[in-house]
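Enquirer: the following comprises the amino acid sequence and a computationally predicted model.
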Amino acid sequence: MAEPYKNNAEHLLAELACLDLLIQREIVRLRLPASDTHDVFKGMYISDADVDRIFQTPEEPGSEELTAHAAALARETDARRLCSLEQGVPLALPHVALLFGLSGFEQRLLLLALAPEVDPKYERLFGYLHDDISRRRMTVGLALRLLCETSTERLARMNVFSPQAPLFRTGLMKLLNRDETLLRRSLALDDMTLNYMLGVNGSDPEFHLCVRVFSGLETLQDLRWKTSFKDQLLNLIQQFVEHDLRSEKRLVFHFYGPFGTGKKSLAGALCRALGVSMLVVDMQELLQRFADVENALRSIFRHALLHQAAVYLDHFDVLTAEEGKPASYRHALLRLMEQMSWMVFLGTESAWRPGALFSHHEFVAVGLPAPDAAERKHIWMALANDVVCSPDVDWEDLSIKFRLTPGRMKSAFHSASSLARLRNRESVAISRDDLYSGCRSQSNCKLAALAQKIAPHYRWSDIVLPRAALAQLHEICAHLRHRQRVYSEWGFESKLSRGKGLCALFYGQSGVGKTMAAEVLASELNLEIYKIDLSSVVSKYIGETEKNLSRIFQEAEDSNAILFFDEADALFGKRSEVKDAHDRYANIEINYLLQRVEEFDGLVVLATNLRRNIDDGFFRRMHFAVEFPFPDEAHRYRIWKQHIPQSAPLGGDIDLDYLAKRFAFSGGNIRNVVVNAAFLAAQNSGQIHMEHLIRATKREFEKIGKLCTENDFSPFQSMLRETGDSFDECETAGAQ
């Protein structure tokens, strides 16, 4: 009964001892008579005495004796290796041979390439056998001399060094010195193979920036998907393992869905249920960091095979383009998958049809949608079990307003927890505002680059509107708050074939409060609002406007944000009769907008000065059309009063009744007058008086181009004369 090896190192040393005998045999064959070389050349060559000291032999054995000794030691090594494997001792070389289908000859080549990495004596021995001290690695020619007895056998073994042979096709070994003949080319182990053989956990640092071992601890039972769905996937893999694992077919899963839906978690849980690890590869990062993408992928699949791990290719969207390099990378990926893998996961955000790429394999596409509001509420409450939250947190409201995926919800909780600790180190209870801020941090990733973010400052108490307009604004908020109940609980979702979003039109003259109303909605709903910059959207190039709009709507859906289109008639104008190509493409843009607004799942607010300029097709898609009338005297009084802060230093001579009755200003004009008057007061008396408001009013008239006379400011025209304001160029009154 052979004695098993204690560990991998003991086995490698035993294998190298067998090679030592073959090397010594080759030395005997090549040994020349002792040289009379003078010591002046010491260090420039390897002498016979140097070699004798390495092997420490009292007398030189014969070639036949060494051959017999090597064969006996090889038999002993094989027996001990077999015993070790039976007893479960992990040995690297047999494992690599099994995984990559290596012959005994190829295993010995691995050992010859490994030898100088283990002991520097082999560098001197190889230099001696090459009769060249600079050639310290094993070469193809020397390997054939050591491992083959005859020229015929050497010639037959030449195919082992082909690029398509297992050692080189998989990248386990490299042939150096491309400018040399094949026999003179050196053999070297790939760094990953070398580390694995030596039991060292190390690789290129850039490799770890693109590749990591999935560390999720969730089991299939922990995931949110239905049990029947998870069991179906697991049964599919188990059936493949039982019936098709040894065939040429491979199992390819394509998991697609928004970021954070749990694609990696599901793949990792499936691997965990099977008892295998999973290697996650960031394809986007890999393409940026490695010029030779195919070689990088080869290293990744080799690493996965060595560690018996499945491969998850994250951000695979970068390789789904139909032409160019992505297509060639996909075919390289297919070849590597067929050579060194049995199960691969492809993770994308969008659905993808691979055509005939995986036609000879088991390809399974699985859509993983984002959770609905009911699921989100359940996930929020489950996440809250591990933290302390304020009792005022409304989980249902949070789940309705923010359409986050589970991954983003976890990140939102981390962000909210950090905000809570920053606010109060003694108490780490997460407040409602912390959670809303955390959610917003996860939902505005890209939209800020496409639109202008508005920081809402106004509340209901700040806006002055007729009762009917205010009622409609409150109805918009109620619509968004209760859509989960109406659509899901009451079943109205089954009656809607497209988006369940909300579109509102705000129309009225400039300065009557349309933008302010949009900010009030954002404040009330605790959502972010983005104003669409038409200059970044509209393009003279055909099709570019639609592309820009598509990106905006897509990012808005992902960002859970309100889209605010100011001067909306520039985009949502009436379709015209087609007289030329320009008209046709202009109508295509409007038709696209009609379609996209109808499919949008959030809140869109359109603001326009002229309601009649909006295309009729949009009105069918609008849930609300809110008119913002020009304020009458009573509303102007409230606006004047609303725009003056309580902390402002006011003089006793201010007459708001006079200002509201005398000057027909919109809310925007009134705001400008109040602010300008405050600066005039700051420069003069330090207190706001009627004089400052009158002067600021005249400046506002001049700015907007309305003519005025002294009588329009009666009985306060003297305040203007004292400051030097002239009415020489005014011909008629414009205040009324």
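Expert: Noted; the coordinates are in hand.

Enquirer: please count neighbours and contacts with C-alpha atoms only from this point.
Expert: OK.

Enquirer: Phe402 is in contact with Pro371, correct?
Expert: No: with contact defined as Cα atoms under 8 Å, Pro371 and Phe402 do not form a contacting pair (11.2 Å).

Enquirer: so between the two, which is more surrounded?
Expert: Phe402 (23 against 19; other Cα atoms under 10 Å).

Enquirer: now that one, nearest residue through space, not along the chain?
Expert: Nearest residue to Phe402, sequence neighbours excluded (Cα to Cα, 6 or more residues apart in numbering): Asn560, at 5.6 Å.

Enquirer: next SSE after the worst-scoring helix or strand of the chain on mean pLDDT?
Expert: Lowest mean confidence among the helices and strands of the chain (mean pLDDT, DSSP states H and E): helix 48-55, at a mean of 64. Going down the chain from helix 48-55, the next helix or strand is helix 63-86, by DSSP states H and E.

Enquirer: following the chain past that next one, name the next helix or strand.
Expert: helix 92-100.

Enquirer: in CSV, list the C-alpha atoms belonging to stretch 180-188.
Expert: Written as CSV, here are the backbone C-alpha positions of stretch 180-188 (Å, rounded to 0.1, in the frame of the first residue of the first chain):
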residue,chain,number,x,y,z
GLU,A,180,13.6,31.7,-32.5
THR,A,181,13.0,28.3,-34.2
LEU,A,182,10.5,26.1,-32.4
LEU,A,183,13.2,23.8,-30.8
ARG,A,184,15.0,26.9,-29.3
ARG,A,185,11.9,28.6,-28.0
SER,A,186,11.6,28.7,-24.2
LEU,A,187,8.7,27.2,-22.2
ALA,A,188,7.1,29.4,-19.4
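
Enquirer: wait, is Arg272 part of a helix?
Expert: Yes: counting by DSSP: H, G, I helix; E, B strand; the rest coil, Arg272 falls inside a helix.

Enquirer: count of neighbours near the closest residue to Asp434 other than its chain neighbours?
Expert: Spatially, and ignoring its direct neighbours in sequence, Asp434 is nearest to Ala416 (4.7 Å; Cα to Cα, 6+ apart). Ala416 has 26 neighbouring residues, counting by other Cα under 10 Å.

Enquirer: now do Phe628
Expert: By other Cα under 10 Å, the residues close to Phe628 number 22.

Enquirer: what is the strand or helix carrying Leu287 packed up against?
Expert: Under the criterion of DSSP H and E, Leu287 resides in helix 283-289. If you count contacts as 3 or more Cα pairs under 8 Å, 6 or more residues apart in numbering; DSSP states H and E, helix 283-289 packs onto helix 205-210, helix 293-306, strand 309-314.

Enquirer: helix/strand/coil for Lys249?
Expert: coil.

Enquirer: that one contacts His360, correct?
Expert: Yes: look at Lys249 against His360 with Cα under 8 Å: they come within range, at 6.5 Å.

Enquirer: quick revisit: pull the residues that contact the helix or strand encompassing the residue nearest to Asp434.
Expert: In the assignment (DSSP H and E), Ala416 maps to helix 406-423. The contact list for helix 406-423, computed with Cα atoms under 8 Å, 6 or more residues apart in numbering, reads 259-262, 370-371, 376, 379-380, 383, 427-431, 434-439, 441-442.

Enquirer: recalculate using a threshold of 7 Å.
Expert: Residues outside helix 406-423 that contact it (Cα atoms under 7 Å, 6 or more residues apart in numbering): 260-262, 428-430, 434-435, 437-439, 442.

Enquirer: swap in stretch 82-97?
Expert: The contact list for stretch 82-97 (Cα under 7 Å, 6+ apart) reads 2-5, 7-8, 107, 197, 306.

Enquirer: change it to 6 Å
Expert: 4-5, 8, 197 (Cα atoms under 6 Å, 6 or more residues apart in numbering).

Enquirer: how much space separates Ser399 from Ser441?
Expert: Ser399 sits 15 Å away from Ser441, going by Cα to Cα, to the nearest Å.

Enquirer: swap that for Gly127, sorry
Expert: As judged by Cα to Cα, Gly127 and Ser441 stand 63 Å apart.

Enquirer: neighbour-wise, which of those two wins?
Expert: Gly127 (19 against 16).

Enquirer: quick one: end-to-end length of stretch 75-94, please.
Expert: Using Cα to Cα, one end of stretch 75-94 lies 15 Å from the other.

Enquirer: go through that stretch and flag the buried ones.
Expert: 77, 80-84, 89, 91-94 (16 or more other Cα atoms under 10 Å).
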